[in-house]
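Asker: what's the 3D shape of this:
(one chain, ligands or ions: 1)
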Amino acid sequence: MITVKALQLGFGEGSQYQQVLHDVGFSVGEGEAFGLVGESGSGKSTVLRCLAGLYSHWHGEMTIGGRALGHKLTRERCRLMQMVFQDPYGSLHPRHTVDAALMEPLVIHRMDRQHERVSQMLVKVGLNESFRHRYPHQLSGGQRQRVAIARALILEPRILLLDEPTSALDVSVQAEILNLLAELRARDGLTYILVTHDLGVVVHLCDRLAVMQQGRIVDTLASSALGNGGVTNPYTRTLVDATRSYSRAA
Ligand SMILES: Nc1ncnc2c1ncn2[C@@H]1O[C@H](COP(=O)(O)OP(=O)(O)OP(=O)(O)O)[C@@H](O)[C@H]1O
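Answerer: Take a look at the predicted model:
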């Protein structure tokens, strides 16, 4: 469903120029959940942002369902693919109620049955009508992330790009949101690309993953390999070992 080939991107000019993505390539099947992991600064979020249309100066080729993605963010692309960010507080407008946050995309895209769609979406993400007129500061972190997920799903996209969707949440709430994401994918056959530092999240949610290091993909493997000793790449091995020793220390 999604292919990324020879994706390159840099920032800055002249002597300040820094190449951030080097020939990044991977493909994700329809209905698959694909993880992108790697150390901080390795370029994971930048890949998602290129797909989401938030950067336009990339080189390479990206396709969705066989059709090439252009450099501009079109309405059609928004309908097909939505992004969920790490910090639900930052991604929701502080002076917009939940109702306004969910209505806005429906109005922009001139969708029918707007009121009904908002009600149904609130239920789908485990909230209800009583949340409709609340502001973000009147919600818990987990509820805010549910609203952010609802806003991403309200246009019925086929693909969700998830950038560390649980890392700003308390550990107890992280599992709730991961379960919700797993449930939504199973129910609607959504395709996910998920960026995370947390290999546990990948094991929980993803079928396969790619490991990034300094702007390159250095390994692609099944997420089941992380738990069953099937990791052969030395760099991936160090990430797995680092996670194990961190969990033991915690
Ligand atoms: N808008 C920008 N301008 C300049 N440099 C940028 C910009 N966005 C990202 N970078 C640089 O690109 C590199 C990759 O950043 P990116 O956010 O993709 O990494 P990441 O793997 O997602 O890291 P983290 O896990 O810490 O979020 C970093 O060196 C970062 O400083």
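Asker: Could you use CA atoms for every contact and neighbour count after this?
Answerer: Fine.
Asker: Output the lowest mean pLDDT helix or strand found in this structure.
Answerer: helix 88-91 (a mean of 74; mean pLDDT, DSSP states H and E).
Asker: Pull out the buried positions in that helix.
Answerer: Across helix 88-91, burial judged by 16 or more other CA atoms under 10 Å covers 88, 89.
Asker: In CSV, could you pull the C-alpha coordinates for it?
Answerer: The C-alpha trace of helix 88-91 is given here as CSV (Å, rounded to 0.1, in the frame of the first residue of the first chain):
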residue,chain,number,x,y,z
PRO,A,88,-2.0,15.7,22.6
TYR,A,89,-1.9,19.0,24.5
GLY,A,90,0.1,20.7,21.8
SER,A,91,-1.8,19.2,18.9
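Asker: Doesn't residue 175 belong to a helix?
Answerer: Yes: counting by DSSP: H, G, I helix; E, B strand; the rest coil, residue 175 is found in a helix.
Asker: got the contact list for the residue minimising distance to the centre of the chain?
Answerer: Nearest to the mean C-alpha position of the chain, by CA atoms, centre = their mean, lies residue 162 at 1.0 Å. Residues in contact with residue 162, defined by CA atoms under 8 Å, 6 or more residues apart in numbering, are 83, 84, 85, 86, 192, 193, 194, 195.
Asker: Which of the helices or strands spans the fifth one?
Answerer: Residue 192 is part of strand 191-195, with elements assigned from DSSP states H and E.
Asker: helix, strand or coil for the residue nearest to residue 115 when sequence neighbours are not counted?
Answerer: Of all residues not flanking residue 115 in the chain, residue 103 sits nearest, at 7.8 Å (CA to CA, 6 or more residues apart in numbering). Following three-state DSSP, residue 103 is assigned to helix.
Asker: ditto for residue 212
Answerer: The assignment at residue 212 comes out as strand when based on three-state DSSP.
Asker: same deal with residue 22?
Answerer: Following three-state DSSP, the label given to residue 22 is strand.
Asker: What distance do you get for it to the ligand?
Answerer: To the ligand, residue 22 is 11 Å away according to CA to the nearest ligand atom, to the nearest Å.
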